[in-house]
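[1] okay, sequence plus prediction incoming.
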Amino acid sequence: MFVARVLFRNTSFKTNAIISIRSFQTTFPVMAKVGDLLPSVDLFEGSPANKINICELTAKKKVIIFGVPGAFTPGCSKTHLPGYVDSADELKKKLNVNEIICISVNDPFVMSAWGKEHSADGKVRMLADPYGEFVKAMELTIDLPPLGGIRSKRFSMIVEDAKVSELNVESDGTGLSCSLAQNLIKK
């Protein structure tokens, strides 16, 4: 925190003035990292009435969470989500995970429809982060004006008892390499 106080002496009028500058704090964004506890943020599954607290959901479990810039977008629909749906059983068995969760800055109805289109039911839980609260808290946002502004970077993470144990974030925020299901299987 920085606080400045300046005493100014006006010699021509023989008066003193104190100029006070308000305090301010500077922080620099630090992206999520291994060891971080997930934020206590409500996400939505299926409808706005079905709140799911991500920290509570992942407590005492091992889960895979992956984030995408947007439902129904080309890379997300052709590669990212289908990779996790097709590999769900193998990922759960090989990595001993309880659940696989997809998060996107979309509304819950869109996430539900997108999941249905890709037969995600029972394989990948489709959680909406409509205000971007989760990705903001984890510093995993990217500004994509053509998609509506603040979105999720493309990432994957393994979470054990609500703590990040592995994190893969695409270097440009949108690419399709380190965050894909096949890369978790290879590890």
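    Nice, thanks for sending it over. The structure presented is a predicted model; accordingly, all values stated were derived computationally and were not measured. Numbering: from 1, shown residues only.

[2] what segments of this structure are strands?
    Along the chain, the segments classed as strands by DSSP state E run 2-10, 15-24, 42-44, 51-53, 62-68, 99-104, 125-128, 141-144, 149-152, 155-160, 163-169.

[3] show the average pLDDT along the first one.
    For strand 2-10, mean pLDDT is 41.

[4] name the nearest residue to the spatially most central residue of the chain, sequence neighbours excluded.
    For the chain, the residue nearest the mean C-alpha position is Val135 (2.8 Å; C-alpha atoms, centre = their mean). Leaving aside its sequence neighbours, Val135 sits nearest to Ser152 (C-beta to C-beta, 6 or more residues apart in numbering; 4.5 Å). Placement of C-beta: from N, CA and C, glycine included.

[5] ok, now Ala59?
    Ala162 (4.9 Å).

[6] also Arg125?
    Nearest-residue entry for Arg125: Ile101, 4.8 Å, with adjacent residues in sequence omitted and distances by C-beta to C-beta, 6+ apart.

[7] neighbours of that neighbour, how many?
    23 (other C-beta atoms under 10 Å).

[8] select the longest helix from the chain.
    In the chain, taking DSSP state H as the definition, the longest helix is helix 108-117.

[9] and the angle from that one to strand 62-68?
    Angle of helix 108-117 versus strand 62-68, following axes from the mean of the first three to the mean of the last three C-alpha atoms, to 10 degrees, is 110 degrees.

[10] by contact count, what packs against helix 108-117?
    strand 99-104, strand 125-128 (3 or more C-beta pairs under 8 Å, 6 or more residues apart in numbering; DSSP states H and E).

[11] that helix relative to strand 99-104, how many degrees between them?
    Calculated by the same axes, to 10 degrees, helix 108-117 forms an angle of 130 degrees with strand 99-104.

[12] enumerate the positions of stretch 87-106 that are buried.
    87-88, 91-92, 95, 97, 99-106 (16 or more other C-beta atoms under 10 Å).

[13] which intervals of this structure have sub-threshold pLDDT?
    For the chain, applying pLDDT under 70 flags the ranges 1-30.

[14] now with 50, please.
    Counting by pLDDT under 50, the chain shows low-confidence ranges at 1-13, 16-29.

[15] so which residues make contact with the longest helix of the chain?
    Residues from elsewhere that reach helix 108-117, judged by C-beta atoms under 8 Å, 6 or more residues apart in numbering: 44-48, 50, 71-72, 77, 81, 102, 104, 106, 120-121, 124, 126-128, 130.

[16] show the contacting residues for the residue nearest to the centre of the chain.
    Neighbouring residues of Val135 by C-beta under 8 Å, 6+ apart: Gly67, Ile103, Val105, Asp129, Thr141, Ile150, Arg151, Ser152, Lys153.
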